[in-house]
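Asker: Next one to model:
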Amino acid sequence: MVSTLERDVREKFRRSGYTLTSQRRAVLEALKDYKGHPSTEEVYLLVKKRNPKVALGTVYQALSVLEEIGLIEAKRWSESPVRYDLNTEPHYDIRCTKCGEIAEISNMKVGDFVTRIQENTPYEVTNAALVIEGICPLCQAQG
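Answerer: From the prediction side, this is the model:
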């Protein structure tokens, strides 16, 4: 039986004109297995464990294609390397200012924020990106 994610992946590749190569599949698997929002280098290390012959450039290219066709979302913060997220649904993330760890904030609806912006400005919101920063529990414990 084919999962919903697998169907979505196949459909997005079909519509994009790109091919779902073994390298792109390996990058998707690494993202699925990673707990959190990995950097390119972290994705590369995961893929390399399974396929020692993979090149870093191949991982960069795969991530670029996956982002272009909407299968992943890139998180760009100025002081941090680009991080990748399989969750492309609107959601909030919080980033630790000490270690760079990123976590998703559950139980907060992005739609509420967008609605309030649209009610208080003449703008039609087409994208909402909000940077929320703090200090994660591990860094707090370290003082």
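Asker: Show the contacting residues for the residue nearest to Ile132 when sequence neighbours are not counted.
Answerer: Using Cβ to Cβ, 6 or more residues apart in numbering and skipping the chain neighbours, the partner closest in space to Ile132 is Ile94 (4.5 Å). Any C-beta I mention is one placed from the backbone N, CA and C, and that applies to glycine too. Residues in contact with Ile94 (Cβ atoms under 8 Å, 6 or more residues apart in numbering) are Ile102, Ala103, Glu104, Ile105, Ile132, Glu133, Gly134.
Asker: how about the strands in this structure?
Answerer: According to DSSP state E, the chain carries its strands in the segments 73-75, 83-85, 92-96, 102-105, 132-134.
Asker: Go ahead and confirm Leu138 touches Gly100.
Answerer: No. The criterion here is Cβ atoms under 8 Å, and Leu138 misses it with Gly100 at 11.6 Å.
Asker: Can you give me the distance of the residue sitting nearest the centre point of the chain to Lys32?
Answerer: Centroid-nearest residue in the chain, with Cα atoms, centre = their mean: Asp85, separated by 1.4 Å. Between Asp85 and Lys32 the computed distance is 11 Å (Cβ to Cβ, to the nearest Å).
Asker: ditto for Gly143
Answerer: 34 Å.
Asker: Looking at the two, which is more packed in?
Answerer: The neighbour count for Gly143 versus Lys32, taken as other Cβ atoms under 10 Å, is higher for Lys32 (9 against 4).
Asker: residues in contact with the residue of the chain most remote from its centre?
Answerer: Distance from the C-alpha centroid of the chain peaks at Pro122, with 30.2 Å (Cα atoms, centre = their mean). Under the criterion of Cβ under 8 Å, 6+ apart, Pro122 has no neighbours.
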